[in-house]
Each structure stands twice: as C-alpha cells, then as structure tokens.
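Chemist: For reference, the sequence and a predicted model appear below.
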Amino acid sequence: MGPYAMLVMLTSLAIGTLMTLSSYHWLLAWAGLEISTLAIIPMMTQHPHPRTTEAATKYFLTQATASALILFSSLTNAWSTGQWEIKEMTPPASNMLTIALAMKLGLAPMHFWLPEVIQGLDLTTGLILSTWQKIAPMALLYLTSASLNTTLLTILALASTLLGGWGGLNQTQLRKILAYSSIAHLGWMVIIMPFSPILAMLNFTIYVTLTSTLFLTMKATNTTKINTLTMTWTKTPVLATLSALTLLSLGGLPPMTGFVPKWLILQELTKQNLAPTAMMIAFSALLGLFFYLRLTYTMSLTYSPNNPTTTISWRYKTNQTTFLLALMMILSMMLLPLTATMKL
C-alpha cells in the first residue's frame with residue numbers, strides 16, 4: 001500500500017471514530033462505526049497472504065453482523081420512543097445493543113473472532129485493532145451506561161475474564177496472548193460500566209497505554225513468539241528489563257500502573273454490595289497473571305544460545321523511532337502516584 005493510500009485509510013479511520021464520538025443521532029453513530037470498519041480492512045490486507053485474507057474476511061463478517069444489530073436496536077428504540085437520540089433506551093433495545101457492542105469489542109462469548117484476526121495481522125495493524133478500534137464501541141457503552149442491563153453485563157464480564165485468562169494459558173504466539181489479554185481486560189471495564197462509567201473509561205485508557213507499549217516493544221524487537229523472547233536480553237537488555245516490568249503492570253501487580261484499575265474496580269464493586277462478584281473477578285485475574293509471569297520469565301531470566309555477533313548486537317543504533325515507545329513505557333509503570341488525580 002502506497003503512502004497516499006495509507007494516509008487516506010488512517011484519515012478515514014480517525015474520521016469514523018470521531019464521528020461516533022461526537023454524534024447524538026444513532027444513524028450518525030452507526031455511520032461512524034461503518035467508516036472505521038471499512039477503513040481498516042484495506043490495512044489488514046496490505047501484505048498479500050492467506051492469513052491476512054482470512055483475518056480480514058472474519059473481521060468484516062463479524063463487524064457487519066454487529067453493525068446490523070446496532071442498527072436494528074436503534075430502530076427498535078426509535079419505534080418505541082419516537083426519537084433517534086443516544087440517551088435512555090428501552091430494555092429490549094438496550095439488551096440488543098449490549099450484545100452488538102460486545103461482538104464489536106470481542107467480549108466473551110462473542111470473542112471467537114478476535115484471537116484469530118489479530119494473529120493474522122502485522123503488528124502495526126494489530127495495535128490499531130486492539131486500541132483505536134475499541135474507542136467508538138466503548139464510547140457508545142459509556143453514553144448508554146444508564147440504561148444498560150446490569151445482569152447481562154455482569155455475565156458477559158465474568159465470562160470474558162475467565163475465558164480471556166483461560167484461553168491465554170496454552171498459547172505460544174504473542175499476538176494471540178495479547179488478544180486474550182484484551183478479552184480479559186474488557187471484562188473488567190464492562191463489569192464496572194453501570195456503576196462508575198468514569199472508572200471504566202479510566203481502565204480503558206490504562207489498557208490502551210499498556211497494550212500499545214507491548215505492541216511497540218514487539219515491533220522494535222521483531223518478536224512474535226514466546227521462544228524468540230529469549231533473544232531480547234541479548235539484543236536490548238534495557239528494553240527487556242522495562243518490558244518485563246510492563247508485563248507485570250499489565251498483570252496488575254503493584255506498584256505499577258496496571259494495579260490502579262483493578263484496585264479501584266474491586267473497591268467500587270465492594271461498595272455496591274457485590275463482594276462475591278468482586279471475589280470471582282479477582283480470582284480470574286490470577287489466570288492472566290500466570291501467562292504474564294511466563295512471558296516475564298522468558299524475557300528476563302531465560303538466555304538462549306548465542307554467538308559473539310548476536311551478543312554485541314545491542315551496541316548498534318536502531319533505525320526505528322523510539323520516542324513513542326519510551327513515553328508509553330514510562331506511563332505503563334509510573335502512573336500509580338497519580339491515582340487520586342486520575343480518578344477525579
């Protein structure tokens with residue numbers, strides 16, 4: 001794909017998301033989602049390969065089904081209330097919208113497409129799909145949070161945290177592990193959405209920061225599998241150390257940034273007299289922590305056989321821009337002291 005075509009696709013992607021964020025009419029929000037979906041599909045297929053074609057096809061079919069459900073739910077709501085504005089929704093339309101947005105985000109049990117699609121993409125497109133493409137559906141969940149079905153969201157959230165942690169245990173591909181990590185983190189966001197939408201969006205912001213850091217690290221080290229992580233310490237010792245800390249932050253260990261949303265969400269669920277739910281979602285986080293610790297061990301404590309050429313490879317300057325990676329790395333590990341400010 002040429003630079004001008006890529007510029008058009010990225011611009012369309014931004015316009016579609018901003019249209020959904022700024023709309024008050026359901027048709028405009030739906031049109032923004034469609035523009036974003038159609039803009040990323042050429043980016044998925046820019047490298048001709050059967051895996052990219054399969055990923056783009058799966059993504060298009062899933063997103064088209066979810067968009068049809070969103071349009072049908074908004075039509076049902078307009079038939080019942082006589083208006084198309086994004087605000088209070090009737091229970092049938094709200095339930096239908098929740099399932100459609102869960103399919104767009106990749107919440108369990110509608111998560112079947114996300115690991116396979118991300119596995120078939122390159123790291124840059126996978127980063128966009130894991131972060132930017134989730135902004136518009138999360139914004140719609142935020143706008144309709146007052147009329148969402150709490151029971152349905154709790155079921156979806158618990159299923160996502162359990163299946164996201166369980167599915168990542170037996171994976172060796174880093175992109176699939178990050179896909180299951182995305183499913184588990186979405187469960188944490190969704191379970192708190194009816195009670196504290198601001199806290200859910202804070203969780204989403206921190207998730208985007210952590211996931212962007214890991215995708216940029218994988219791109220900088222050209223790493224896509226667990227067994228190639230053993231070369232990271234040889235090539236870039238400092239980056240390997242910081243990446244291991246980022247993985248621990250993604251697992252939610254203090255004193256890193258990833259501890260903030262889990263701590264605040266468990267606290268809010270306890271305040272809402274949902275201690276059993278808080279306990280279940282806390283135990284499910286241990287599943288994800290297991291494969292984060294496995295990646296950390298492989299990256300920092302495992303040393304693969306090397307020859308003298310690879311041993312000194314870290315001394316050479318890289319041609320890639322590292323400013324964004326350094327900024328994301330700092331945010332991923334050092335935002336815990338600003339918890340009180342972020343919660344406001």
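Modeler: Okay, I see it.
Chemist: Which stretches in the stretch 201-344 of the chain count as helices?
Modeler: 232-235, 237-251, 259-271, 275-300, 308-311, 323-334, 339-343 (DSSP state H, counting those that start in this stretch).
Chemist: now the fourth one against helix 259-271, angle please.
Modeler: Using axes from the mean of the first three to the mean of the last three Cα atoms, to 10 degrees, one finds that helix 275-300 and helix 259-271 are set 170 degrees apart in direction.
Chemist: And for the second one?
Modeler: If you take the same axes, to 10 degrees, helix 237-251 sits at 10 degrees to helix 259-271.
Chemist: helices or strands up against the one helix or strand Leu163 maps to?
Modeler: Per DSSP states H and E, Leu163 falls inside helix 150-167. Packed against helix 150-167 by the contact rule (3 or more Cβ pairs under 8 Å, 6 or more residues apart in numbering; DSSP states H and E) you find helix 91-105, helix 174-192, helix 275-300. Bear in mind the C-beta positions are built from the backbone N, C-alpha and C, glycine included.
Chemist: just how off-centre is the second one within its chain?
Modeler: Okay, so that is helix 174-192. 6 Å (Cα atoms, centre = their mean, to the nearest Å).
Chemist: Just name the most buried of the helices and strands packed on helix 150-167.
Modeler: helix 174-192 (a mean of 26; mean count of other Cβ atoms under 10 Å).
Chemist: counting contacts, what elements does that one pack onto?
Modeler: helix 114-119, helix 123-130, helix 150-167, helix 197-221, helix 259-271, helix 275-300.
Chemist: want to try JSON lines for those, with distance to Leu141 and mean pLDDT as columns?
Modeler: Below are the helices and strands packed on helix 174-192 laid out as JSON lines (distance: least, Cβ to Cβ, whole Å; pLDDT from 0 to 100):
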{"stretch": "helix 114-119", "distance to Leu141": "17", "mean pLDDT": "93"}
{"stretch": "helix 123-130", "distance to Leu141": "17", "mean pLDDT": "93"}
{"stretch": "helix 150-167", "distance to Leu141": "9", "mean pLDDT": "92"}
{"stretch": "helix 197-221", "distance to Leu141": "8", "mean pLDDT": "91"}
{"stretch": "helix 259-271", "distance to Leu141": "15", "mean pLDDT": "91"}
{"stretch": "helix 275-300", "distance to Leu141": "18", "mean pLDDT": "90"}
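Chemist: Include distance to Leu7 when you put those into a markdown table, please.
Modeler: Output for the helices and strands packed on helix 174-192, formatted as a markdown table (distance: least, Cβ to Cβ, whole Å):
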| stretch | distance to Leu7 |
| --- | --- |
| helix 114-119 | 24 |
| helix 123-130 | 14 |
| helix 150-167 | 34 |
| helix 197-221 | 20 |
| helix 259-271 | 34 |
| helix 275-300 | 34 |
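Chemist: Leu325: which of these is closest?
Modeler: Comparison of those against Leu325 by Cβ to Cβ identifies helix 197-221 as nearest, at 4.3 Å.
Chemist: Now the closest one: buried residues?
Modeler: 197, 199-204, 206-221 (16 or more other Cβ atoms under 10 Å).
Chemist: Off-centre distance for that helix?
Modeler: 7 Å.
Chemist: on contacts alone, who are the packing partners of that helix?
Modeler: helix 123-130, helix 135-143, helix 174-192, helix 237-251, helix 259-271, helix 323-334, helix 339-343.
Chemist: May I see those helices organised as a markdown table, with distance to Met19 added?
Modeler: A markdown table is the format used below for the helices and strands packed on helix 197-221 (distance: least, Cβ to Cβ, whole Å):
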| stretch | distance to Met19 |
| --- | --- |
| helix 123-130 | 17 |
| helix 135-143 | 9 |
| helix 174-192 | 22 |
| helix 237-251 | 31 |
| helix 259-271 | 28 |
| helix 323-334 | 26 |
| helix 339-343 | 27 |
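Chemist: mind checking pLDDT for Asn77?
Modeler: We have a pLDDT of 90 for Asn77.
Chemist: meant to ask about Asn95
Modeler: So, for Asn95, pLDDT stands at 92.
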